[in-house]
Structure formats: structure tokens, C-alpha cells
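Engineer: quick check, what structure comes out for this input:
(4 chains)
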Protein chains: 2
Amino acid sequence: MTNRVRRTMPLLPISIVMQLTELTARQIRYYEEHKLISPARTEGNKRMFSLNDVDALLEIKDYLDQGLNMAGIKKLYDLKETPENEKAEPKSLSDAELRKLLHEELKHQARPFEKGGFRQGDLSRFFN
Amino acid sequence: MTNRVRRTMPLLPISIVMQLTELTARQIRYYEEHKLISPARTEGNKRMFSLNDVDALLEIKDYLDQGLNMAGIKKLYDLKETPENEKAEPKSLSDAELRKLLHEELKHQARPFEKGGFRQGDLSRFFN
DNA sequence: ATTCACATGTTAGAAAACTTAACATTTCGT
DNA sequence: ACGAAATGTTAAGTTTTCTAACATGTGAAT
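Structural biologist: Next up, the predicted model:
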């Protein structure tokens, strides 16, 4: 009777995502520009977002509140998506760059991971 | 981690609903015209559909396949929404009209109710 | 076989929503 | 004070959606 949405299905136009996330269109596009999200496109080139996208945006918002910048958030995502493989060979940034980046950002107040699992988006606000 | 969408929240533009239901825009608007659904509107007057709306549309589609017409489906919905109250005083149709209507339609092949509960929409196709 | 009503298709014109791109503003760290 | 990062704002163009009107297909009744 009450099922779960297929969270990867592109369903939502940007206007709705703006409401759900309280982000501006500018912000959402900016985060896409920086590869933090990759919403689908209609044939006419309009962005269509999945619930996962919304979750990601809420997470991004949270990280930004914590003082992270685009590069830092991107790096966290890259690390997440790399299960436990070759930690060597950072995809594009040098070790030094990465260390500096994380150091610079994290000295603020951010904690990259919650102990016991990754931080989750807060889409649950809109669920029941 | 995997929540349930608030199914009354208007999230979906008509293009997506068309995909989810395999109905044309014309059909969807026609069913609204006949009060079978009442999707929300944006400030700019664009229809925005909830998951409940999608469920309803799938149900409508099914009833149409079974030979029901707009009036018949509407009547079924009106009956559903009337828990067990004053069965007298049909909202707008006379008893005779109602009887004729249901009779005409149901002699076809439709069964108004499934034994053991009302027929449910088939949105679960899109869920996991 | 017509006719009629219902459901749907099709089209046109207007308005809303979304797009990219450019430039402006704010904020923060050096 | 300066520079970079994030966001605001605006403009011009395209896509999507809207309503309304008219057309078509189909089944039921005459």
C-alpha cells in the first residue's frame, strides 16, 4: 500500500527540488557544474531530479554549512564511492593537494564521517 | 534510510505522470475535467501531481479498461469516500439514475469491488 | 445504416518554467 | 586591500504546459 519510490528515477523538476531543499536554482546548477550531482535531462534539456539527487543536495547543503567547499565535498564523495580499493593514485589531485585541502577545510569544524556510517541526507523531512 | 514519500505532496509535472501512467496529457486533463483527480497547481497554473494522483490515474485507467465510463468511476469514488454514513441522498444523481448507471456499466464485465478490499493503483511498478 | 455520445487526437496561440551565459555582489582568508 | 569562492541578478532563447476549439474513432441505440 505504501511503497518506496525508486530513488534513482528522474521525477522532479528544479522548481520542486528548490522547495524540497530550500536551495536556489543558481545553487543547484552550481553544484552540478562542480560535479556534485548529475541530474538527468529531458529531451528538451530540462533537468529532472531523482530523490537521490535531492538527498545529495541536502547533504551538500549540510557540508557547506560545516564550512566545506566544492572540492572538499567532491573529495568526500569520491572517497565514499571507492569502497576499499587502491587508495593510492588520487584521481586528479596530488597527495599534497589532497592533504592540504582536507586539512584546510576540516580544521574548521567539519567531521568528514560520522562514526558508524556516512551522514545521510535529510529527505526524511518530506516522508512519512 | 529508505523512506516513504509523502504521497499527497505535489511533486510531478504532467510529462512525468504521462510516463508513469502511459496516459496522454489529453487523457489526464480529461479525467480532471470530470473531477476524477484534482492535481495541485503552481502559481503559474501548471498542474503538479502527487503520487496519490498517479495511483488514482492508474486506477482510472484500469476501470476504463473494464468498460466503466467517467460517471461510473466517479460514482465509485464517491461511494468509497463515504465510509458508512447516509447512503440516502445521493450527492447529485437520483437513486434511479445511479441504479441505471451502475447497472448499465456493470453488466459489461466490470466488478466494482474486489472481494476483500478496494482495488489499488499500480504505482508499485515504479517502486522497490 | 445513421446518429449520437463519449473518449481521445490534433492544432494553435499564449504563458510559464527552464536553459545558458554574462556580469555583479558578498564573504572570507591571506 | 586583494583574490577566490559562492551566490545573486539579468537577459535572451527554448521547452513545457496551458486552454480552447475542432476533428476523429467507436460503440450503442434508433
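
Engineer: distance check, the closest residue to DNA strand D within chain A against residue A:55.
Structural biologist: Closest to DNA strand D within chain A is residue A:44: 1.7 Å, counting by Cβ to the nearest atom of the strand. In this view, the C-beta of every residue, glycine as well, is placed from N, C-alpha and C. Applying Cβ to Cβ, to the nearest Å, the value for residue A:44 to residue A:55 is 25 Å.

Engineer: comparing those two, which residue is more hemmed in?
Structural biologist: Legend: neighbour count by other Cβ atoms under 10 Å in any protein chain shown for residue A:44 and residue A:55, higher for residue A:55 (21 against 6).

Engineer: show me the strands in chain A, by range?
Structural biologist: Along chain A, the segments classed as strands by DSSP state E run A:40-41, A:47-48.

Engineer: looking at these, which one is packed in the most?
Structural biologist: Comparing the strands of chain A by mean neighbour count (mean count of other Cβ atoms under 10 Å in any protein chain shown), strand A:47-48 ranks first with a mean of 20.

Engineer: check whether it contacts DNA strand D.
Structural biologist: No: Strand A:47-48 does not reach DNA strand D (Cβ under 7 Å from any atom of the strand); its nearest approach is 8.9 Å.

Engineer: what does that strand contact?
Structural biologist: The contact list for strand A:47-48 (Cβ atoms under 8 Å, 6 or more residues apart in numbering or on different chains) reads A:10, A:11, A:12, A:13, A:14, A:28, A:32, A:39, A:40, A:41, A:42, B:16.

Engineer: just give me the neighbour total for the nearest residue to the third one once chain neighbours are set aside.
Structural biologist: Spatially, and ignoring its direct neighbours in sequence, residue A:12 is nearest to residue A:49 (4.4 Å; Cβ to Cβ, 6 or more residues apart in numbering or on different chains). With neighbours defined by other Cβ under 10 Å, the count for residue A:49 comes to 24.

Engineer: between the contacts of strand A:47-48, which sits nearest residue A:60?
Structural biologist: Residue A:60 has its nearest neighbour among those in residue A:28, at 9.4 Å by Cβ to Cβ.

Engineer: residues contacting the closest one?
Structural biologist: Residue A:28 touches A:14, A:17, A:18, A:21, A:37, A:47, A:57, counting by Cβ under 8 Å, 6+ apart.
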